[in-house]
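Chemist: Okay, sequence plus prediction incoming.
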Protein chains: 2
Amino acid sequence: MGKLLCGVDIGGTKLSTALITESGEIIDKCIECDHVDKPECLMVDQITYTINRLLRHNGLQEADLLGIGIGCAGHIRFRDGVIITTSNLKGYKNYPLRGAVQAKFQIPVFLDNDANAQAFGEFKFGAGKGFDSMVFLTISTGIGAGIIINHKLYRGMTGTAGEFGHTIVEPDSRLTCTCGNRGCLMACACGMALPHLFRQKTEAGMTCTLDLPPSFDFGSVDGKLLKQGLDQEDPLSMEIILDSARYVGIGIYNIFQALNPPLIVLGGGLMSWGNFYLNRLKKHFMIMPGIWSLILFQSLFQR
Amino acid sequence: MGKLLCGVDIGGTKLSTALITESGEIIDKCIECDHVDKPECLMVDQITYTINRLLRHNGLQEADLLGIGIGCAGHIRFRDGVIITTSNLKGYKNYPLRGAVQAKFQIPVFLDNDANAQAFGEFKFGAGKGFDSMVFLTISTGIGAGIIINHKLYRGMTGTAGEFGHTIVEPDSRLTCTCGNRGCLMACACGMALPHLFRQKTEAGMTCTLDLPPSFDFGSVDGKLLKQGLDQEDPLSMEIILDSARYVGIGIYNIFQALNPPLIVLGGGLMSWGNFYLNRLKKHFMIMPGIWSLILFQSLFQR
């Protein structure tokens, strides 16, 4: 067996670590959910411990790895491995995560934006295999994207290219994004927007047939609850899903006009809304003039 | 003197032809305004005739040129030199303009989208000199852009990358774009939108202090009339200019989020609205979080 790679995904809910072959096959993985409230140094310890445990468990040593790649949500400066800001974790302002993990290992360590990392994964091993260029769009707690141009990640000047979630698509919207602006794509259509959308429609008197507790906390509305609503044909849940699909359809159309990519791959938690969501999204932007040649795939790792 | 280049810009109003040194200096030029209603073959004759006349007039021959570069508004397929569609001229659906001009000359002929051509001009000789990457945004009859990534034009899959004018920024807008969609950036803020904006504000009862004829045709409203209004401090003209600046500010912000370029160069006829327009545009997007490192220049060829 050739050397292996180690991938670490620092999410807002899960910390996922995996050993992978150079052809993209996952050998072993570990998913933890107790990392979110830890300070930076304890997170570094956790990542180090988990990687070493995975190695031991598979009878491997650090020298059997080619390197470690870490993906993290937020604005990441790739060239020096610094988290500029992230909204998923507390702290981490200008935190040099790559250097901190590198201090624990001899093999090279890389840090990139999670959407960039996932984009490259899809490009090398997933739905983007065989394409020269593509955009990966993740619709999840937030909305982010990674851009591949001619086999390489395009990161832009400071490394934050592909932040389509922060493009403004509804300037007079009442929905405020975590960035402070109104009407960002994220403010209208991502997981973080769902509590606000649910409250707005409830207050507007829309019928909800979900069995909610009397002291229901709107803050707890998430993609899973709406999936449940969709399965039970709850009108309110279905309308929120359709509204979100409209905005993501516009976002995809705008990506097409800006970058004219041959392929856009869709991933992220809200894709679990399935065909009801995806069909509306496609219907919304495929009828717009100009989209005659774009291919749309779902992430190969989430199907 | 080394060999020269010949540039041809096919606009909706002007057909401009120039002889240029390899360092970007214009040796001689010719501007004509009688090309718009000509059928394709007569336009090819006019371009050929004008180039040959410029050569003769300067005591030059075709062999003194390295090549001919033609820029044209619309969707252009660069690799085979075909105009897919253009809204500035009648006809020209899938017209192989490059081949038609090439048949008249021995030296190489190129055809590209006009915003791409202007972007490359600014990059080589203008406001983008010294940068590796940049975006050129033209705010004119329409709105278009050219993207330079690592010293090369980025054209996308079919050659239509950079169509930021067709990104949707106001989905519920009553303003329809020439592409058929509502709320494209172009529909809200370019020269073609001005008659609609002028009519809307007049019908809403807004005061206009411009001295307009009794049988005023809203279709004749253009950037020049509003410039006149601006100079005379006409409230209606000033409000349209500020509204346009807001949308272009959003467009520039969205370009920044999508591509994270180090530089955006602004050009096009509506830049003649000057600092009143530009300051509002900058004010609108520079206060948005995230724009901490973007440089904004005006076209060096229009100042």
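Modeler: Structure's in. What do you need? Numbering: from 1, shown residues only, chains lettered A, B, ... in the order given.
Chemist: quick check, A:Asp243 in a strand?
Modeler: No - counting by DSSP: H, G, I helix; E, B strand; the rest coil, A:Asp243 falls outside a strand, being helix.
Chemist: Now do the contacts for it.
Modeler: The contact partners of A:Asp243, taken as CB atoms under 8 Å, 6 or more residues apart in numbering or on different chains, are A:Cys188, A:Ala189, A:Leu197. Heads up, the C-betas are built off the backbone N, CA and C, glycines and all.
Chemist: Let's see that with 7 Å instead.
Modeler: A:Leu197 (CB atoms under 7 Å, 6 or more residues apart in numbering or on different chains).
Chemist: ok, now which ones touch the residue in the stretch 101-250 of chain A that chain B sits nearest to?
Modeler: Relative to chain B, the nearest point of the stretch 101-250 of chain A is A:Gly156 (2.6 Å; CB to the nearest CB). By CB under 7 Å, 6+ apart, A:Gly156 lies in contact with B:Leu259, B:Asn260, B:Pro261.
Chemist: Nearest spatial neighbour of the second one, chain-adjacent residues omitted?
Modeler: To tie it back to what came earlier, the one meant is B:Asn260. Leaving aside its chain neighbours, B:Asn260 sits nearest to A:Gly156 (2.6 Å; criterion: CB to CB, 6 or more residues apart in numbering or on different chains).
Chemist: ok, so what distance separates the one you found from A:Val8?
Modeler: 23 Å (CB to CB, to the nearest Å).
Chemist: Give me the secondary structure label for A:Leu266.
Modeler: strand.
Chemist: for the most centrally placed residue in chain A, phi and psi?
Modeler: For chain A, A:Thr138 is the residue whose C-alpha lies nearest the centre (CA atoms, centre = their mean; 4.3 Å). For A:Thr138, the backbone dihedrals are phi -110, psi 130 (criterion: degrees, to the nearest 10).
Chemist: Where do the helices of chain A begin and end?
Modeler: Ranges of helices within chain A are A:40-57, A:97-102, A:114-125, A:185-189, A:194-203, A:223-231, A:235-259, A:274-286, based on DSSP state H.
Chemist: Quick check: residues of chain A near chain B?
Modeler: With CB under 7 Å from any CB of the partner chain as the criterion, chain A meets chain B at residues A:149, A:154, A:156-158, A:160-161, A:163-164, A:166-171, A:179-181, A:250, A:253-254, A:257-262, A:288-290, A:293.
Chemist: Just the buried ones out of those, please.
Modeler: A:149, A:154, A:156-158, A:160-161, A:163-164, A:166-171, A:179, A:181, A:250, A:253-254, A:257-262, A:288, A:290 (16 or more other CB atoms under 10 Å in any protein chain shown).
Chemist: can I get the contacts of A:Gly156 in TSV with distance to A:Val101 and pLDDT?
Modeler: Conversion of the contacts of A:Gly156 to TSV gives the following (distance: CB to CB, whole Å; pLDDT from 0 to 100):
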residue	distance to A:Val101	pLDDT
B:Leu259	29	95
B:Asn260	25	91
B:Pro261	30	93
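Chemist: Of the residues you listed, which is the nearest to chain A?
Modeler: Chain A lies nearest to B:Asn260 out of those, by CB to the nearest CB, at 2.6 Å.
Chemist: isn't the closest one right next to A:Thr158, touching?
Modeler: Yes - shown here, B:Asn260 and A:Thr158 form a contact pair, counting by CB atoms under 7 Å, at 6.0 Å.
Chemist: wait, isn't the residue nearest to the centre of chain A in contact with A:Gln118?
Modeler: Yes - between A:Thr138 and A:Gln118 there is a contact under CB under 7 Å: 6.3 Å.
Chemist: Identify the contacts common to the two.
Modeler: A:Gly267.
Chemist: list the contacts for the closest residue to A:Arg199 other than its chain neighbours?
Modeler: Leaving aside its sequence neighbours, A:Arg199 sits nearest to A:Phe218 (CB to CB, 6+ apart; 4.5 Å). Contacts for A:Phe218 (CB under 7 Å, 6+ apart) come out as A:Pro195, A:Phe198, A:Arg199.
Chemist: make it 8 Å
Modeler: Applying CB under 8 Å, 6+ apart, the residues near A:Phe218 are A:Pro195, A:His196, A:Phe198, A:Arg199, A:Thr202.
Chemist: separation between the nearest residue to the last one once chain neighbours are set aside and B:Leu242?
Modeler: Counting by CB to CB, 6+ apart, A:Cys208 is the residue found nearest to A:Thr202 once chain neighbours are left out, at 6.3 Å. When CB to CB is applied, the distance between A:Cys208 and B:Leu242 equals 42 Å.
Chemist: my read: A:Cys269 touches A:Cys190, true?
Modeler: Just so we're on the same page, residue A:269 is Gly rather than Cys. No - counting by CB atoms under 8 Å, A:Gly269 sits too far from A:Cys190 to count as a contact (9.5 Å).
Chemist: if I look at the two, which residues touch both of them?
Modeler: With CB under 8 Å, 6+ apart, A:Gly269 and A:Cys190 have common neighbours A:Ile139, A:Ser140, A:Thr141.
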